[in-house]
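Participant: Make a model of this:
(one chain, ligands or ions: 1)
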Amino acid sequence: MNQSRLNNPVALITGANSGIGEAIAHRLAADGYTIVVNGRREAENQRVARELKEKHQVHTHVLTGDVSEEPTCQNLVTETVALTGRLDVLINNAGVGSQGTRIADSDTATFDRVLKTNLYSCYWLSREAFRQMEQQALSEERSLRGAIINIASVCGVEAWAGAGIYCTSKHGMMALTHAMAEEGEEAAIRVAAICPAMVATAMTGVSGEAYIQPTDIANTVHYLLSLSPAAWPKEIVVNRRGAD
Ligand SMILES: NC(=O)c1ccc[n+]([C@@H]2O[C@H](COP(=O)([O-])OP(=O)(O)OC[C@H]3O[C@@H](n4cnc5c(N)ncnc54)[C@H](OP(=O)(O)O)[C@@H]3O)[C@@H](O)[C@H]2O)c1
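Facilitator: Down below sits the predicted model:
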């Protein structure tokens with residue numbers, strides 16, 4: 001292990017090769033974090049790692065894998081610690097949508113795919129990360145043992161016709177977040193969710209100034225990580241101006 005890496009906080013970001021995850025990777029790299037880039041597409045992960053290094057002169061690692069599988073999630077945490085010695089921040093960001101299907105018209109394969117990718121991954125990764133963070137010393141800078149930030153959605157606090165499976169996965173993330181936020185109080189492990197409305201990314205296919213930008217969510221992550229350990233928000237909803 002490179003000794004200099006021990007001085008930098010370490011962030012593992014799932015789905016870091018696109019949209020919100022990529023913006024979070026750049027924001028935390030600008031803050032001096034060593035970034036562990038995850039996603040299923042190796043070439044895209046390598047691209048982001050290269051751009052992070054070039055732009056922010058930080059250490060990066062690529063751990064390609066599908067978070068809808070439990071062994072991948074376990075390995076992501078184990079490998080991150082093996083590579084860097086520590087895990088300060090886990091961003092559960094990887095996700096897929098299921099917009100447009102009534103529950104009555106849906107099938108189990110879709111339910112499985114969305115729940116495994118969005119919710120089970122959050123459970124598996126958060127569980128493994130929390131176990132690791134509990135063993136770590138408090139960071140001098142933030143007086144936390146670690147932080148877990150879940151990129152949920154406004155679909156985690158409301159639900160709409162045609163988005164039932166996605167909303168179910170995101171409501172599940174919110175329940176995990178609220179329970180783990182309480183469980184993290186004693187050990188000073190921050191757990192919080194960010195619930196964005198529509199963001200201009202590949203997932204939504206929208207663009208332009210009328211939409212929330214990925215950097216808005218990245219700045220919200222930065223804000224959460226800048227709070228003192230007395231401030232313990234469990235969720236931040238980021239609504240969109242002019243939209244319900
Ligand atoms: N965009 C919005 O309006 C919006 C609003 C609220 C919440 N969110 C949430 O924000 C998160 C990011 O969404 P986005 O809009 O930035 O979407 P995006 O641009 O499509 O990015 C999704 C990311 O997740 C990765 N991913 C998908 N399935 C994966 C899997 N099984 N294993 C590992 N990585 C996987 C993708 O990489 P690979 O394809 O390489 O795997 C990609 O990096 C999602 O959880 C989404 O639900 C988005």
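Participant: Who are the packing partners of the helix or strand containing K53?
Facilitator: Using DSSP states H and E, K53 sits in helix 42-56. Helix 42-56 sits against helix 19-30, strand 34-37, strand 60-62, with contacts defined as 3 or more Cβ pairs under 8 Å, 6 or more residues apart in numbering; DSSP states H and E. For every residue, glycine as well, the C-beta is placed using N, CA and C.
Participant: Looking at these, which is nearest to the ligand?
Facilitator: Closest approach to the ligand among the helices and strands packed on helix 42-56 (Cβ to the nearest ligand atom): helix 19-30, 2.3 Å.
Participant: Now that closest one: buried residues?
Facilitator: G19, I20, G21, E22, A23, I24, A25, H26, R27, L28, A29 (16 or more other Cβ atoms under 10 Å).
Participant: now do stretch 214-232
Facilitator: P214, D216, I217, A218, T220, V221, L224, L225.
Participant: for stretch 72-79, same thing?
Facilitator: Buried, per 16+ other Cβ under 10 Å, within stretch 72-79: T72, C73, L76, V77, E79.
Participant: okay if I get those residues as TSV plus distance to the ligand and pLDDT?
Facilitator: Listed next are the buried residues of stretch 72-79 as TSV, based on distance: Cβ to the nearest ligand atom, whole Å; pLDDT from 0 to 100:
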residue	distance to the ligand	pLDDT
T72	7	98
C73	9	98
L76	9	98
V77	14	98
E79	14	98
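Participant: out of those, which one sits closest to L125?
Facilitator: Nearest to L125 among those: C73, at 4.7 Å, using Cβ to Cβ.
Participant: thinking the closest one is in contact with W124, fair?
Facilitator: Yes - contact criterion Cβ atoms under 8 Å: C73 and W124 qualify, at 3.6 Å.
Participant: intersection of neighbour lists for those two?
Facilitator: Taking Cβ atoms under 8 Å, 6 or more residues apart in numbering as the criterion, C73 and W124 both touch V67.
Participant: Good, we can wrap up now.
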